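Asker: Sequence and predicted structure, then a few things I'm wondering about:
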Amino acid sequence: MPVHAAGPRLFKSIKFEHLVVGAAAGGHGSRSSNVALNLTPFVDMMTILVTFLLMVFGSDTILTAQKGLDLPLADSKEVLQQAPVIIVTKTEITYQGQLISTVDAVMRDDSPVMTIDALVERLTAAADKIKADVDTGRVPTAVRKICDDLKNGLKPAQGEKQCPLGLVILQADEATDIRLINKVVNTAKVSGFDNLLFAVKNK
């Protein structure tokens, strides 16, 4: 097999001066220490990560009012503990962020039954799950102790955490018709939630 002469080589016969300068252009000497890093993907990734963490760890602990919902004022400074949330705005009734019915549809219902059927289904399922969690010990020890004390007739002091059994939070617009409030309260009681906390704005 015939031997051919070597072709042109990079840095030797082919100049690549826009990448290297000085002695490095000849293939000798140390490489340039100026290295440009593209930080845009890193910043994008960190922004997405922070947003994800805020959504995951913040949505279950912060109780915020929906747009178009004006809560009544109160002098109390107590903080509502975590519990299932029923929201009654000027136009809609939602449970845990999911639409249950419109206010107009509920107010047009002239039946003698003072409950909202779709809400009864959701609340009954939630009550069964909470009871199962308490009975099987899937709640913090302190919460289980509060529930045990409640069974023995010892109610928690004002401002302290309450047993999650039968506890639900109602966010209702201050202009909500009292007949609608009564329907929601009756619905909660029928479904096993007899401890209703009203969300208010502090003065």
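Answerer: Right, received. Where do you want to start?

Asker: Distance of Arg50 relative to Asp44?
Answerer: Arg isn't right for residue 50; it's Val. 11 Å (Cβ to Cβ, to the nearest Å). Where C-beta positions appear, they are placed from N, C-alpha and C, glycine not excepted.

Asker: Same question for Ala126.
Answerer: Taking Cβ to Cβ, one finds Ala126 at 38 Å from Asp44.

Asker: Mind checking which of these two has more residues around it?
Answerer: Ala126 (18 against 10; other Cβ atoms under 10 Å).

Asker: Test my guess that that one contacts Ile86.
Answerer: No - between Ala126 and Ile86 there is no contact under Cβ atoms under 8 Å: 10.4 Å.

Asker: and Lys131, what is it in contact with?
Answerer: Leu165, Gly192 (Cβ atoms under 8 Å, 6 or more residues apart in numbering).

Asker: following the helix or strand containing it, which helix or strand shows up next?
Answerer: In this structure, Lys131 is located in helix 117-135 according to DSSP states H and E. Using DSSP H and E, the helix or strand that follows helix 117-135 in sequence is helix 141-151.

Asker: Point out the other helices and strands that that following helix packs with.
Answerer: Using 3 or more Cβ pairs under 8 Å, 6 or more residues apart in numbering; DSSP states H and E as the contact test, the elements touching helix 141-151 are helix 117-135.

Asker: could you check the angle helix 141-151 makes with the helix it packs on?
Answerer: 110 degrees (axes from the mean of the first three to the mean of the last three Cα atoms, to 10 degrees).

Asker: Offset the numbering so it begins at 19, please.
Answerer: Sure, I'll start counting at 19 from here, so that last one is helix 135-153.

Asker: and helix 135-153, average pLDDT?
Answerer: When pLDDT is averaged along helix 135-153, the result is 91.

Asker: buried residues in that helix?
Answerer: Ala136, Leu137, Val138, Arg140, Leu141, Ala144, Ala145, Ile148, Val152 (16 or more other Cβ atoms under 10 Å).

Asker: Stretch 193-212 now?
Answerer: Neighbour count says stretch 193-212 has Thr194, Leu198, Lys201, Val202, Val203, Thr205, Ala206, Lys207, Val208, Ser209, Gly210, Phe211 buried, by 16+ other Cβ under 10 Å.

Asker: swap in stretch 175-185?
Answerer: In stretch 175-185, counting by 16+ other Cβ under 10 Å, buried: Gln180, Cys181, Pro182, Leu183, Gly184, Leu185.
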